[in-house]
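> would you be able to build a 3D model of this:
(chains A and B)
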Amino acid sequence: MAEIDRSLLGVWGPATAMRIETGKIREFARAVKDPNPAYLADAGALAPPTFLMTMAHWLRDLAETRSAVKLDYRRLLHGEQEFEYLRPIRAGDVLTFRSRTRDVFEKQGKRGGTMTFVIGETEFTNQRGEVVAYLRNTAIETADAVKE
Amino acid sequence: MANSRFVEGAAIPPFVVENVTRTDLVRYAGASGDFNPIHHDETFARAAGNPTVFGHGMLTAGLVARCITDFVGAGALRRYKVRFATRIWPGDTITCAGRVTRRYQEADETRIDGEVTATTQKGETAVTGTFTAAVPADA
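Residues are numbered from 1 along each chain as shown, chains lettered A, B, ... in the order given. As a prediction, the model looks like this:
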């Protein structure tokens, strides 16, 4: 079962900053089979819509940034992923990002057992202090171990 | 609204990826940084009870995103949300498609909402999604 500290819900974790690289954008665009010229520009290439997934891995230890909930990763499913885009993200931008657990709730699973839903949110701010995007995900800790 | 490209009910032209390969999965693992071995290590995937490796949900979500931006243009998305249904496997053919569900004015822009899906050749839905995008006022 997930351990939940409700006093930490909504509290932002420590921030990390990274420069968006042209090569990483090209590599990602190729991986999602998208040859759109906007992503291949020599300078100021636009980041593809799901590119922010490449940043999420570089948040510090999630136990530190998302300390409200301790999850059993053997039982974890990725339920939903949402992107909110406020401004363009381009190669050369330096994004500062931080994450928090917005909400946690439990539901009874169809085959018995409690499922824990965790709504996480990551906010991205550019070098001009403008919030450029939010990334929100729903993780589901199942009652039984997930085989996949 | 001079023409009908972005009206409610308009179809979003399909984007089809034939024969997803293990190399596609490895390429996405490297590009995204998601190195869960279940997506590239055959021995690990089988030991976990799977017939073989399977695709990252976010790879399929990325293919669906291309389908949307081929329609609305790069940089036009304002919101994109996906829900993961079934897994995709090497050899699968993935068809991404959708339709416009609403057109309206918001934040000094003409915007559309739409729904999208990624479907396998077996007719299974791999990913469902919704989006909001900005479109030209005269298109």
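
> B:D92 and chain A, how far apart?
Per CB to the nearest CB, to the nearest Å, B:D92 is found 14 Å from chain A. Every residue, glycine included, has its C-beta placed from N, CA and C.

> wait, is that residue part of a strand?
No - using DSSP: H, G, I helix; E, B strand; the rest coil, the secondary structure at B:D92 is coil, not a strand.

> per-residue pLDDT, it?
At B:D92, the model reports a pLDDT of 98.

> correct me, but it touches B:G123?
No - B:D92 is not in contact with B:G123 according to CB atoms under 8 Å; the separation is 11.6 Å.

> more neighbours, these two?
More crowded of B:D92 and B:G123, by other CB atoms under 10 Å in any protein chain shown: B:D92, with 22 against 7.

> quick one: end-to-end distance for stretch A:87-96.
14 Å (CA to CA, to the nearest Å).

> ok, which residues in chain A are in contact with chain B?
By the rule CB under 8 Å from any CB of the partner chain, the part of chain A lying against chain B is A:24, A:27-28, A:30-34, A:36, A:38-39, A:46, A:48-50, A:53-54, A:57-58, A:77-85, A:88, A:147-148.

> out of the residues you listed, which are buried?
Buried subset of the residues of chain A next to chain B (neighbour count, 16 or more other CB atoms under 10 Å in any protein chain shown): A:24, A:28, A:31-34, A:36, A:38-39, A:46, A:48-50, A:53-54, A:79-85.

> how about the contacts made by the closest residue to B:D113 other than its chain neighbours?
Distance criterion CB to CB, 6 or more residues apart in numbering or on different chains; nearest residue to B:D113, sequence neighbours excluded, is B:R102 at 4.3 Å. Applying CB atoms under 8 Å, 6 or more residues apart in numbering or on different chains, we find B:R102 in contact with B:E8, B:I112, B:D113.

> number of residues surrounding the second one?
It refers to B:I112. B:I112: 24 neighbours (other CB under 10 Å).

> who touches the residue in chain A that chain B sits nearest to in this structure?
Here chain A gets closest to chain B at one residue, A:V32, 3.2 Å apart by CB to the nearest CB. Listed by CB under 8 Å, 6+ apart, the contact partners of A:V32 are A:P48, A:T50, B:Y28, B:A31, B:L59, B:G62, B:L63, B:A65, B:R66.

> where are the low-confidence patches of chain B?
Across chain B, the ranges flagged by pLDDT under 70 are B:1-3.

> again, only this time at 50
Residue ranges of chain B with pLDDT under 50: B:2.

> for chain A, what are the nearby residues on it?
Looking at chain A, the residues of chain B close enough under CB under 8 Å from any CB are B:17, B:24, B:27-28, B:30-34, B:38, B:48-50, B:54, B:57-59, B:61-63, B:65-66, B:68-70, B:74-75, B:77-84, B:87.

> now with 7 Å?
Within reach of chain A by CB under 7 Å from any CB of the partner chain, chain B has these residues: B:17, B:27-28, B:31-33, B:38, B:48-50, B:57-59, B:61-63, B:65-66, B:69, B:74-75, B:77-84.

> okay, and which of the residues you listed map to helices?
Among those, the residues falling in helices (DSSP state H) are B:27-28, B:31-32, B:57-59, B:61-63, B:65-66, B:69.

> most neighbours among those, which one is it?
Of those, with other CB under 10 Å as the count, B:L59 tops at 31 neighbours.

> quick check, that one in contact with B:Y28.
Yes - using CB atoms under 7 Å, B:L59 is in contact with B:Y28, at 4.3 Å.

> still on that earlier bit, among the buried ones among the residues of chain A next to chain B, which are in strands?
Mapping these onto strands (DSSP state E) picks out A:G79, A:E80, A:Q81, A:E82, A:F83, A:E84, A:Y85.
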